[in-house]
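*Asks:* Build the 3D model from these lines:
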Amino acid sequence: MDRRAAAVSITSAREARSDDIAGRQTRYIVSMLIRTACFVGAVAADGVLRWVLVAAAVFLPYIAVILANAGVQKDPTPPSTYAAPTHGELDTRPPSQVG
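*Replies:* Now for the predicted structure:
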């Protein structure tokens, strides 16, 4: 059994850095594969579609870098502060002084 699949998160800790980097690399690779498909499609296409595919192939690296860098996570929110109970506290005085 995979330990990661069975793990339950009970904190507000961030995702592991290696998982974050792997996700960003995957997004970048997918973007570059789409760019390659645009170049191949531009060779095979004709007319306006060719220029749309060329424009997509030119601007996709910029978009891919932005998407890859978007993986940086913000610091997790701190846990909520302790809230005092709403019921009364126990009386700690000796029975002789309660009155």
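
*Asks:* Was I right to think Ala42 contacts Val48?
*Replies:* No - assessed by Cβ atoms under 8 Å, Ala42 is found out of contact with Val48, at 11.4 Å. To be clear about C-beta, it is placed using only N, CA and C from the backbone, and glycine gets the same treatment.

*Asks:* Between the two, which is the more surrounded one?
*Replies:* Legend: neighbour count by other Cβ atoms under 10 Å for Ala42 and Val48, higher for Ala42 (18 against 8).

*Asks:* Only the buried residues of the helix ranked longest in the chain, if you could.
*Replies:* Longest helix in the chain, counting residues (DSSP state H): helix 17-44. Residues of helix 17-44 classed as buried: 24, 27-28, 31, 35, 38, 41-42 (neighbour count, 16 or more other Cβ atoms under 10 Å).

*Asks:* same question, stretch 47-60
*Replies:* 53-54, 56-57, 60.

*Asks:* Find the helix or strand that the closest residue to Phe39 other than its chain neighbours is a member of.
*Replies:* Nearest non-adjacent residue to Phe39, counting by Cβ to Cβ, 6 or more residues apart in numbering: Ala57, 4.9 Å away. In this structure, Ala57 sits in helix 48-69 according to DSSP states H and E.

*Asks:* Contacts for that helix, please.
*Replies:* By Cβ atoms under 8 Å, 6 or more residues apart in numbering, the list of residues contacting helix 48-69 from outside reads 24-25, 27-28, 31-32, 34-35, 38-39, 41-42, 45.
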